[in-house]
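Colleague: need a structure here:
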Amino acid sequence: MDGNHLPQIIDNWIGGETCGAVSGESFDKLSPATGQKLYGIARSLAGDIERAVEVASQAQPGWAAMTPVQRGDILHDIAQAMRRNQEKIAAIVASETGMSFNAAMGETGGAIAQGEFTAGEGRRFYGRTTTSAVSNKYAMTIRQALGVAGLIIAANTPIANVAWKVFPALICGNSAVLKAAEDTPGTAWYFAKLAHEAGLPPGVLNVVQGYGAEAGEPLVAHPDVAVISFTGSTAVGRRIASVAGERLAKVSLELGGKNPLVVCDDADLESAADWVLLSAFSNAGQRCASGSRIIIFESIYERFRDLLIERTRQLKVGPDNEDDLGPVINERQLNNMLAAIDQAQKEGAVVLAGGKRLTDEAHTGGFYLAPTLIEGADPRNQISTTELFGPITCLYKVKNFGEALQMANDSPYGLTACIHTRSIHRATEFTQKVQAGVAVVNAGTFGSEPHMPFGGLKQSGNGTREPGTEALDVYSDLKNIIINIDAGEL
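Modeller: Below is the predicted model:
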């Protein structure tokens with residue numbers, strides 16, 4: 001199965017059934033690899049959100065009434081359905097994003113692992129007992145569902161993003177309305193299909209297609225949506241926080257990054273170069289954890305820079321398994337990146353490799369940007385302080401560890417960070433002092449797993465963490481239960 005084997009129009013899933021948008025309108029989904037139309041997408045509006053939330057509200061009490069173990073068993077069945085259909089899911093992901101099939105298989109495997117881990121939390125849906133200063137008084141704390149969860153995801157890793165949010169939201173007893181990414185509608189649609197075939201009760205998961213402003217914002221503003229979880233840009237995250245804040249809704253925001261990767265003078269440069277390229281260019285740089293600021297000690301700067309230039313120019317760009325990176329998700333994003341590169345050059349930065357759209361016969365029609373290395377950018381300029389979400393990384397020169405740490409922290413973002421060094425002293429100090437939600441030694445700027453909390457500081461989020469067991473704190477509330485007994489009745 002690929003994108004062409006999905007329906008001609010990717011509709012909504014509401015109440016366990018597919019349905020078109022109330023407006024009857026649709027818009028086109030284009031292949032990032034070729035620029036050709038894959039299919040249409042239902043253009044949902046506020047009326048579609050109203051219907052989805054109403055259905056979710058009706059389904060939620062029955063779902064919450066099931067024991068967490070029973071909910072976990074159903075989620076496990078969904079994860080196993082994904083495992084049986086892993087190649088079909090991966091084919092859809094590859095078609096919609098332009099990443100290679102092997103890369104899509106890896107991402108789908110991660111989504112399955114997320115489902116399996118979260119399903120197990122049904123048997124670990126722990127509260128706690130505690131003590132009281134008062135005689136004959138007993139206390140405990142339990143988790144309880146919130147209600148309807150509004151889930152809004154990005155297109156960069158579509159099946160992983162679906163699993164990241166849907167499984168934790170459902171295990172806690174919430175129903176969900178998932179606003180699919182407009183660039184990857186088929187992935188969310190097929191997940192919903194598998195979920196319902198695996199036995200998920202109708203209305204517990206509803207998927208709505210459409211543009212963010214037309215379908216996402218009504219979901220955020222809806223008074224019956226108890227919690228909003230969003231993965232995407234900082235600008236949109238601010239808007240969501242503002243709209244949801246008007247009604248004091250619970251909000252979880254996992255936003256952008258401008259992630260530093262420090263290369264010290266004692267680093268294994270061959271290994272560091274491999275990890276820089278993976279951090280900066282895998283998935284065409286479309287990761288919130290992408291390594292986009294490479295901070296290099298001056299004593300090794302030229303040698304390491306030349307190594308990166310050589311290896312970057314050898315990278316293969318295309319949608320096939322033998323390629324190192326594929327296209328970016330759409331032409332609008334590509335044009336934004338090209339404009340940012342042009343502006344950086346006007347401000348004095350130098351493009352060492354890439355910097356251009358690939359328009360040769362092998363890349364005709366697709367949204368391909370050559371992997372781009374830039375040096376000489378001012379750390380305060382836009383190219384250094386704005387997430388571009390593409391295969392672009394900048395090189396910076398520092399004198400020593402202190403300057404490297406200072407530059408790493410001198411950013412509006414604080415999502416992930418990495419250092420390459422053989423020194424336990426530098427590694428320890430960096431991981432303790434770097435302002436980031438994730439700190440890595442001698443690898444890439446990414447590396448989260450289903451059981452690990454992920455999130456960032458500053459403009460990278462609002463302090464929540466998903467997935468891991470910490471996701472339960474996003475999708476549930478705590479209730480204190482206090483029992484007073486009459487000792488005379490014993």
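
Colleague: how about the helix or strand hosting Val69: buried residues?
Modeller: Using DSSP states H and E, Val69 falls within helix 68-84. Residues 68, 71-72, 74-82 are the ones in helix 68-84 that count as buried (16 or more other Cβ atoms under 10 Å). Using the backbone N, CA and C atoms, a C-beta is placed for each residue, glycine as well.

Colleague: what pLDDT, on average, does it get?
Modeller: On average, the pLDDT along helix 68-84 is 98.

Colleague: need the contact partners of that helix.
Modeller: Helix 68-84 is contacted by residues 63, 89, 108, 111-112, 115-116, 118-123, 125, 167, 170-171, 173, 191, 194-195, 197-200 when judged by Cβ atoms under 8 Å, 6 or more residues apart in numbering.

Colleague: from the chain's centroid, how far away is the very next helix or strand once past it?
Modeller: Sequence-wise, the next helix or strand downstream of helix 68-84 (DSSP H and E) is helix 86-97. What separates the centre of helix 86-97 from the centre of its chain is 17 Å, taken as Cα atoms, centre = their mean, to the nearest Å.

Colleague: same question for stretch 240-259.
Modeller: Computed by Cα atoms, centre = their mean, the chain-centroid distance of stretch 240-259 equals 14 Å.

Colleague: show me what counts as buried in it.
Modeller: Counting neighbours by 16+ other Cβ under 10 Å, stretch 240-259 gives 240-241, 243-244, 249-259 as buried.

Colleague: can you check stretch 346-359 too?
Modeller: For stretch 346-359, a neighbour-count test (16+ other Cβ under 10 Å) marks 349, 351-355, 357-358 as buried.

Colleague: among those residues, which are in strands?
Modeller: Under the assignment DSSP state E, the buried residues of stretch 346-359 contribute 351-353 to strands.

Colleague: let me know the closest of those to Ile300.
Modeller: When those are compared for distance to Ile300 (Cβ to Cβ), Leu352 wins out at 16.1 Å.

Colleague: what about Gly35, neighbour count?
Modeller: Neighbours of Gly35 under the rule other Cβ atoms under 10 Å: 15.

Colleague: quick one: the residue lying closest to it once chain neighbours are set aside from Pro319, how far?
Modeller: Excluding the flanking residues, the one nearest Gly35 by Cβ to Cβ, 6 or more residues apart in numbering is Gly365, at 3.5 Å. Computed as Cβ to Cβ, to the nearest Å, the Gly365 to Pro319 distance reads 12 Å.

Colleague: show me which of these two is the more surrounded one.
Modeller: More crowded of Gly365 and Pro319, by other Cβ under 10 Å: Pro319, with 23 against 15.

Colleague: the residue nearest to that one when sequence neighbours are not counted - how many residues pack around it?
Modeller: Sequence neighbours aside, Ala33 is the residue nearest to Pro319 in space, at 4.2 Å (criterion: Cβ to Cβ, 6+ apart). Neighbourhood size, Ala33 [other Cβ under 10 Å]: 22.

Colleague: and the helices in the stretch 101-250 of the chain?
Modeller: If you assign secondary structure with DSSP state H, counting those that start in this stretch, the helices in the stretch 101-250 of the chain sit at 101-120, 158-171, 185-197, 217-221, 234-245.

Colleague: out of those, flag the one nearest Ala42.
Modeller: Closest of these to Ala42 is helix 185-197, at 8.0 Å (criterion: Cβ to Cβ).
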